[in-house]
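> kindly generate the corresponding structure for this input.
(chains A, B, C and D)
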2 protein chains.
Amino acid sequence: MSVINSKKPKASVTLTDVAQLAGVSLATASKALNGRSQVRAETRQKVIEAAAALSFTPNPFAQALNASHTGTIGMLTSDLDNRFVLPVLLGAEDAFGSGATSVLLCDARGDAVREQHHLNTLLARRVDGIVVLGRTTNPRPSITAGVPVPVVYAYAPSDDPADTSFTPDNYTAGRQAIEHLLARGRRSIALVNGEPSYTAATDRAAGARDAMREAGLELTGGDELYGQWSESWGRQCTETLLASGRPIDAILAGSDQIARGVLEQLRETGHHVPAEVAVMGFDNWDILSATARPPLTSIDMNLQELGRAAARALSDAISGTTEPGVHRLPVRLVPRESTASVQRL
Amino acid sequence: MSVINSKKPKASVTLTDVAQLAGVSLATASKALNGRSQVRAETRQKVIEAAAALSFTPNPFAQALNASHTGTIGMLTSDLDNRFVLPVLLGAEDAFGSGATSVLLCDARGDAVREQHHLNTLLARRVDGIVVLGRTTNPRPSITAGVPVPVVYAYAPSDDPADTSFTPDNYTAGRQAIEHLLARGRRSIALVNGEPSYTAATDRAAGARDAMREAGLELTGGDELYGQWSESWGRQCTETLLASGRPIDAILAGSDQIARGVLEQLRETGHHVPAEVAVMGFDNWDILSATARPPLTSIDMNLQELGRAAARALSDAISGTTEPGVHRLPVRLVPRESTASVQRL
DNA sequence: CTGAAAGCGCTTACAG
DNA sequence: CTGAAAGCGCTTACAG
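Below you'll find the model as predicted:
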């Protein structure tokens, strides 16, 4: 039985200790551990063993004092309490965390003053770069001016086209949704959209409208059926559409949440999905889409991949190569039962 | 029109620059800025002004080299992609971020190897302390042994009672739920619970059972109606309960998600909520509870406050005072229409 | 009250 | 290939 404190982590071991144990100078120990070429193989081996024996961990602060970078980046979020932010954050953390970069997290809670404060903190900590994570896909103010390190914007693009931004391709998402419904044989399609102040809503509407036009069709009810991002708006608008008496064989909802309302209203008024009306949403928020009745076809915004792409771009920018502009990342259709092909009766 | 690069953030300004501009020595400049007492007021003022004029920011790495702590803590999450983790993280970030402490974020993605790797990274970066954030309220393995800095566990308590842990008080949550229903005049109450492998489920069941017994009652169907954390389980179990023919005037669901299924089943079988059957859930996940039909009474687990408490405890531990043990934090009942008082017909 | 000097733990020209 | 020395930017006894 060994005592728990067999290795006392008291005063941390220093490179000097390693050099001493290996019987070389401080300088040589440093070179050996850092893979410098001017070290004999045996010497290097001795040093490495000594370091291992002492569980040596170089003091990152001493290292940073000599290095041009710190192996640290800042993640500046506008609103952590937002379900769209989480996957992006996760993707970015994953991309950085698997390398040698650590992530400093700051949440501004939607407050510009706090954002500025956190920005200063990050800069004071000498981060190598910053990911700015917005809460919607609407363009947001650039913070790049005056910041001495690379900045990449994720989810919400910067309003300055000279910045590097990553955002989901909502326009194409709208197109893809319509193309999917058309491929399933639907022709009378309504778009029950979310709030018009969101570019996510307007971009998707534009894509949907264009895809319909190319097929020589128009959206039933037009492309201006804006409301709230809520189930109740989905129910209400569906009710109105049905009452209008116009034929409808598909409803594209602006979000999964709206789609849930659409589905409920259809079920409660005796309309079968998908036989009579196909329904689909956006976001592929599985808690809503996968458990809907029937399970809901949706467009996944690939947010985790977006976070990863932003992280990679920041890494590239830190090492010198940037591709400025707004990068609209591909989305992915996830077909489920709510738009399944059926033998029309 | 001023040029954008009016202040070039090239080589960062150093304390030596400040001292020079103020016309004092390096040592004096340091003391003046750090509020040391042995500095004449005028001198201090001069230095402060010089620092401001140059926008001086002390290099934290040089500071850390002399200090015993780094103003940095590690947040080690098991699974960022978890809706329960987010509020805890947010609360903790808020508590630290408003002070002088920065948060280093690491996500283990449910992998023990990755967790160990990240732990080493955090230690190598000389964090002053660590918050371990679990994905369920089930006890998790302690990592405290061998870690030279304080560790606090949030959401998932450590399995070592000598550690300091914060977790929601699920037992009391169960009691409170029942007491609320009893106060609303309900007597025949069923508990449609989640998965029995979760202490969140079993603890709530224990609290509910005890509260019923104290009122001389038993849960309809017993306290073992375990299933999945899903809407479909809520529907299915409700169907069974109704079919059993036993009188039921309230259903307590193990989560809001289950409660949604319960509500749907009741509505579709023509049972009025709350007039005929009251329904409530746990978690107060607003996307589910507030938008339910009718809006769902639920127990909020106060996760954000839990995160804050954990952060405070870690700060205290870093400055020397700890209160070991599992701290079960209070929860909060949020009454909505689904358990409203009604004139029983 | 002020400043010269040593030191925190490392890296990197520069000699040898 | 190896090591003595200077330096990264700060802080802190220690003299004055």
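> please identify the helix or strand for the residue nearest the centre of chain A.
Among the residues of chain A, the one closest to the centroid is residue A:88, at 2.2 Å (CA atoms, centre = their mean). Secondary structure assigned from DSSP states H and E places residue A:88 in helix A:85-97.
> ok so, going back, ok, now which ones touch the residue nearest to the centre of chain A?
A:133, A:154-155, A:303-304, A:306-307, A:310 (CB atoms under 8 Å, 6 or more residues apart in numbering or on different chains). The C-beta positions use only the backbone N, C-alpha and C, and glycine is treated the same way.
> grab the nearest non-local neighbour of it.
Spatial nearest neighbour of residue A:88, chain neighbours left out: residue A:307 (3.9 Å); criterion: CB to CB, 6 or more residues apart in numbering or on different chains.
> ok so that neighbour is a helix residue?
Yes - counting by DSSP: H, G, I helix; E, B strand; the rest coil, residue A:307 is found in a helix.
> where does pLDDT dip in chain A?
A:1-11, A:343-345 (pLDDT under 70).
> recalculate using a threshold of 50.
For chain A, the stretches with pLDDT under 50 are A:1-10, A:344-345.
> quick one, domains of it?
Per automatic domain parsing, the structural domains of chain A span A:4-58, A:72-168+A:303-331, A:170-300.
> want to throw these into JSON lines with distance to residue B:73?
Below are the domains of chain A laid out as JSON lines (distance: least, CB to CB, whole Å):
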{"stretch": "domain A:4-58", "distance to residue B:73": "17"}
{"stretch": "domain A:72-168+A:303-331", "distance to residue B:73": "11"}
{"stretch": "domain A:170-300", "distance to residue B:73": "31"}
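> hmm, back to that, burial count for the residue nearest to residue A:88?
By other CB atoms under 10 Å in any protein chain shown, the residues close to residue A:307 number 28.
> my guess is it contacts residue A:96. True?
No - here residue A:307 lies out of contact with residue A:96, judged by CB atoms under 8 Å, at a distance of 9.7 Å.
> partners of residue A:191 in the sheet?
Beta-bridge partners recorded for residue A:191 (DSSP bridges): residue A:252.
> and for residue A:298?
Beta-bridge partners of residue A:298, as defined by DSSP bridges: residue A:281, residue A:334.
> correct me, but it touches residue A:332?
No - using CB under 8 Å, residue A:298 is not in contact with residue A:332, being 9.6 Å away.
> doesn't residue A:75 fall inside a helix?
No - applying three-state DSSP, one finds residue A:75 to be strand, outside a helix.
> any shared contact partners between residue A:298 and residue A:332?
residue A:284.
> of the two, give the one with the bigger neighbour count.
For residue A:298 versus residue A:332, neighbours defined as other CB under 10 Å are more numerous around residue A:298 (30 against 13).
> DNA strand C contacts on the stretch 51-200 of chain A?
Residues of the stretch 51-200 of chain A lying near DNA strand C by CB under 7 Å from any atom of the strand: A:56, A:58-59, A:62-63, A:65-67.
> mind checking which of those residues are buried?
Among these, the ones that count as buried by 16 or more other CB atoms under 10 Å in any protein chain shown are A:56, A:59.
> among the residues of the stretch 51-200 of chain A next to DNA strand C, which lie within helices?
Taking DSSP state H, the ones among these that sit in helices are A:62-63, A:65-66.
> and which of those is nearest to chain B?
residue A:65 (5.2 Å; CB to the nearest CB).
> I figured residue A:142 hits residue A:163, correct?
Yes - contact criterion CB under 8 Å: residue A:142 and residue A:163 qualify, at 5.4 Å.
> show me the contacts for residue A:102.
With CB under 8 Å, 6+ apart, residue A:102 has these contacts: A:71-73, A:96, B:104, B:106, B:121, B:125.
> switch to 6 Å and redo it
A:72, B:104 (CB atoms under 6 Å, 6 or more residues apart in numbering or on different chains).
> quick check on it: phi, psi?
According to degrees, to the nearest 10, the main-chain angles of residue A:102 amount to phi -100, psi 150.
> partner residues bridging it?
Residues in beta-bridge contact with residue A:102 (DSSP bridges): residue A:72.
> excluding chain neighbours, what is closest to residue A:54?
Per CB to CB, 6+ apart, closest to residue A:54 is residue A:13, 4.5 Å.
> burial of the one you found, as a residue count?
When counting by other CB under 10 Å, one arrives at 18 neighbours for residue A:13.
> residue A:179 too?
18.
> ditto for residue A:268
Residue A:268: 13 surrounding residues under other CB under 10 Å.
> and the one 4 residues further on, by the same measure?
If you count neighbours by other CB under 10 Å, residue A:272 ends up with 12.
> so it: helix, strand or coil?
Applying three-state DSSP: residue A:272 is coil.
> residues from chain A in reach of DNA strand D?
A:24-28, A:31, A:37-43, A:62, A:65-66.
> only the buried subset of those residues, as a ChimeraX command please.
A single ChimeraX command selects the buried members of the residues of chain A next to DNA strand D (16+ other CB under 10 Å):
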select /A:24,28,31,39,43
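> in helices only, show me the residues of chain A next to DNA strand D.
Using DSSP H, the residues of chain A next to DNA strand D in helices are A:26-28, A:31, A:41-43, A:62, A:65-66.
> check these and tell me the two furthest apart.
A:42 and A:65 (30.4 Å; CB to CB).
> export the contacts of residue A:88 as JSON lines, with columns for secondary structure.
Formatted as JSON lines, the contacts of residue A:88 follow (three-state DSSP):
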{"residue": "A:133", "secondary structure": "strand"}
{"residue": "A:154", "secondary structure": "strand"}
{"residue": "A:155", "secondary structure": "coil"}
{"residue": "A:303", "secondary structure": "helix"}
{"residue": "A:304", "secondary structure": "helix"}
{"residue": "A:306", "secondary structure": "helix"}
{"residue": "A:307", "secondary structure": "helix"}
{"residue": "A:310", "secondary structure": "helix"}
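> give the contact list for the closest residue to residue A:65 other than its chain neighbours.
Excluding its sequence neighbours, the residue lying closest to residue A:65 (CB to CB, 6+ apart) is residue B:61, at 5.2 Å. Counting by CB under 6 Å, 6+ apart, residue B:61 makes contact with A:61, A:64-65.
> state the distance from residue B:61 to residue B:15.
Noted for residue B:61: a distance of 13 Å to residue B:15, by CB to CB, to the nearest Å.
> also residue A:202?
Taking CB to CB, one finds residue A:202 at 52 Å from residue B:15.
> list the buried residues in whichever strand or helix holds residue A:172.
Residue A:172 is part of helix A:170-183, with elements assigned from DSSP H and E. Going by neighbour count (16+ other CB under 10 Å), the buried part of helix A:170-183 is A:170-182.
> ok, those residues vs DNA strand D, which is closest?
Nearest to DNA strand D among the buried residues of helix A:170-183: residue A:170, at 45.2 Å, using CB to the nearest atom of the strand.
> ok, that closest one touching residue A:202?
No - counting by CB atoms under 6 Å, residue A:170 does not reach residue A:202; the two are 8.3 Å apart.
> ranges for the helices of the stretch 201-345 of chain A?
For the stretch 201-345 of chain A, applying DSSP state H, counting those that start in this stretch gives helices covering A:231-243, A:256-268, A:286-289, A:303-318.
> what packs against the third one?
In other words, helix A:286-289. On a contact count with 3 or more CB pairs under 6 Å, 6 or more residues apart in numbering or on different chains; DSSP states H and E, helix A:286-289 meets helix A:256-268.
> just the CA atoms of the helix it packs on, as CSV, please.
Provided in CSV are the C-alpha atoms of helix A:256-268 (Å, rounded to 0.1, in the frame of the first residue of the first chain):
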residue,chain,number,x,y,z
ASP,A,256,-38.8,23.3,-36.0
GLN,A,257,-40.7,25.0,-33.2
ILE,A,258,-43.1,26.6,-35.6
ALA,A,259,-43.4,23.2,-37.4
ARG,A,260,-44.5,21.6,-34.1
GLY,A,261,-47.4,24.0,-34.0
VAL,A,262,-48.2,23.3,-37.6
LEU,A,263,-48.2,19.6,-37.0
GLU,A,264,-50.4,19.9,-34.0
GLN,A,265,-52.9,22.1,-35.7
LEU,A,266,-53.1,19.7,-38.7
ARG,A,267,-53.5,16.7,-36.5
GLU,A,268,-56.2,18.3,-34.4
